[in-house]
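no sequence on hand, only this structure:
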């Protein structure tokens, strides 16, 4: 313990020194990169291919699928961990556990998800440790040495919990790992967010997005739904049954309305068979829910006819048909306004 404390004290002293020497800065950046990558860049793409038995072209395709820019075939940019990762993925295909198409799709999905997580972590940690000022490489390296092992453990834990939950949801698994089932699909959109971006500064916008995403994640999780994706001012979610989907939508609208400074929410829901694949969902209910959201009034929830039929007769809800509307991709949609039966009729 004393040795560890001494090392941390020395790291803190080093981090307190800001050097203007370019050579010193380069050394600091190299140390930070070594800490984050877990090793030195020492292999070219050809050498990686020779070490793993994966062709150069396949290695290049997988590298792009992870979301990284192309590098020269003769540039020594890969580490021992790159070699190990590519070897492991290649063995999954060679042993017949997954096919090449699934390998590529899985790689792309992981790259997109973890890229966003990494961007958020760096921004959050930099803000917390730097108190608004840029971190120097030594400070960043010291933070990485302390935080990366903890983050690795937490990511592994959360992934395993979600893996267990996803396995429990799987009802009809096809040969390629896709799942076809009936779900409620919902989109929730902050009204007027685009115009708001022209007047609010960066910190204000970040706070609004964080508040909205936190509210959406909490409501969807506590009611047993699943957030599929968030894109700034919009969140996409699913629920296993009509009643849960309706409750998520109404409670989310109520939660957002109670947060000072957040714009009104509009929500569209549709019910039907969708294909779940690699963390996303596809199918006509997805398209219909998105279209319903685009025509919903502020602070309202619109559902399609299928969901309205499934909710009909439940005295918790009040359903009112609205005039059919032409939308992109559909000659006419037949929206139904969803409200709680306990709400006063008001302005329907």
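Nice, I can see it. Quick caveat: nothing in here was measured; it's all calculated off a predicted structure.

so who does residue 223 touch?
For residue 223, the contacting residues are 239, 244, 247-248, 251, by CB atoms under 8 Å, 6 or more residues apart in numbering. From N, CA and C alone the C-beta is placed, and that goes for glycine too.

same deal with residue 287?
residue 329.

then residue 62?
Counted by CB under 8 Å, 6+ apart, residue 62 has contacts 54, 86, 89, 103-104, 107.

now those residues: which count as buried?
54, 86, 89, 103-104, 107 (16 or more other CB atoms under 10 Å).

can you lay out those as CSV showing secondary structure and distance to residue 257?
Listed next are those as CSV, based on DSSP: H, G, I helix; E, B strand; the rest coil; distance: CB to CB, whole Å:
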residue, secondary structure, distance to residue 257
54, coil, 53
86, helix, 49
89, helix, 46
103, helix, 45
104, helix, 43
107, helix, 41
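
all strands for the stretch 201-348 of the chain, in order.
With DSSP state E, counting those that start in this stretch, the ranges of strands along the stretch 201-348 of the chain come out as 226-231, 234-239, 265-277, 280-282, 300-303, 317-321, 325-327, 330-333, 336-340.

and the first one, what does it pack onto?
Of the remaining helices and strands, those touching strand 226-231 by 3 or more CB pairs under 8 Å, 6 or more residues apart in numbering; DSSP states H and E are helix 202-222, strand 234-239, strand 280-282.

of the ones you listed, which approaches residue 47 most closely?
Taking CB to CB, strand 280-282 is the member of the helices and strands packed on strand 226-231 nearest to residue 47, at 35.2 Å.

what's the closest one in contact with?
Residues outside strand 280-282 that contact it (CB under 8 Å, 6+ apart): 183, 185, 228-229, 238, 274-275.

so among those, which ones count as buried?
183, 185, 228, 238, 274.

so residue 75 belongs to a strand, correct?
No - counting by DSSP: H, G, I helix; E, B strand; the rest coil, residue 75 is not found in a strand; it is coil.

distance of the nearest residue to it once chain neighbours are set aside relative to residue 34?
Using CB to CB, 6 or more residues apart in numbering and skipping the chain neighbours, the partner closest in space to residue 75 is residue 44 (6.3 Å). For residue 44, the distance to residue 34 equals 18 Å [CB to CB, to the nearest Å].

between those two, who's got more neighbours?
Between residue 44 and residue 34, counting by other CB atoms under 10 Å, residue 44 is the more crowded of the two (18 against 15).

that one touches residue 83, doesn't it?
No - Residue 44 is beyond contact range of residue 83, at 11.3 Å (criterion: CB atoms under 8 Å).

with the contacts of strand 280-282 in mind, which one is nearest to residue 222?
residue 238 (15.0 Å).

so the closest one sits against residue 226, correct?
Yes - between residue 238 and residue 226 there is a contact under CB under 8 Å: 5.2 Å.

grab the longest helix from the protein for me.
Assignment by DSSP state H gives helix 137-169 as the longest helix of the chain.

which other helices and strands does that one contact?
If contacts are counted by 3+ CB pairs under 8 Å, 6+ apart, helix 137-169 sits against helix 2-15, helix 22-37, helix 100-130.

same for the last one, what does it pack against?
By that I understand helix 100-130. helix 56-65, helix 80-94, helix 137-169.

sorry, back to before: now the strands of the stretch 201-348 of the chain in TSV, with mean pLDDT and distance to residue 214?
Formatted as TSV, the strands of the stretch 201-348 of the chain follow (pLDDT from 0 to 100; distance: least, CB to CB, whole Å):
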stretch	mean pLDDT	distance to residue 214
strand 226-231	88	10
strand 234-239	94	11
strand 265-277	93	14
strand 280-282	89	22
strand 300-303	96	20
strand 317-321	94	26
strand 325-327	81	30
strand 330-333	80	31
strand 336-340	95	23
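
pLDDT below threshold where in the stretch 151-300 of the chain?
168-179 (pLDDT under 70).

winner for burial among the helices and strands packed on strand 226-231?
Ranked by mean neighbour count, the helices and strands packed on strand 226-231 are led by strand 234-239 with a mean of 24 (mean count of other CB atoms under 10 Å).

contacts for that one?
Residues beyond strand 234-239 that count as contacts (CB under 8 Å, 6+ apart) turn out to be 183-190, 212-213, 216, 220, 223-230, 245, 248, 274, 281, 286, 293.

for residue 48, which non-adjacent residue is closest in space?
Closest to residue 48 by CB to CB, 6+ apart is residue 78, at 5.1 Å.

report pLDDT for the one you found.
Confidence at residue 78, expressed as pLDDT, is 92.

thought it was touching residue 42?
Yes - assessed by CB under 8 Å, residue 78 is found in contact with residue 42 at 7.4 Å.
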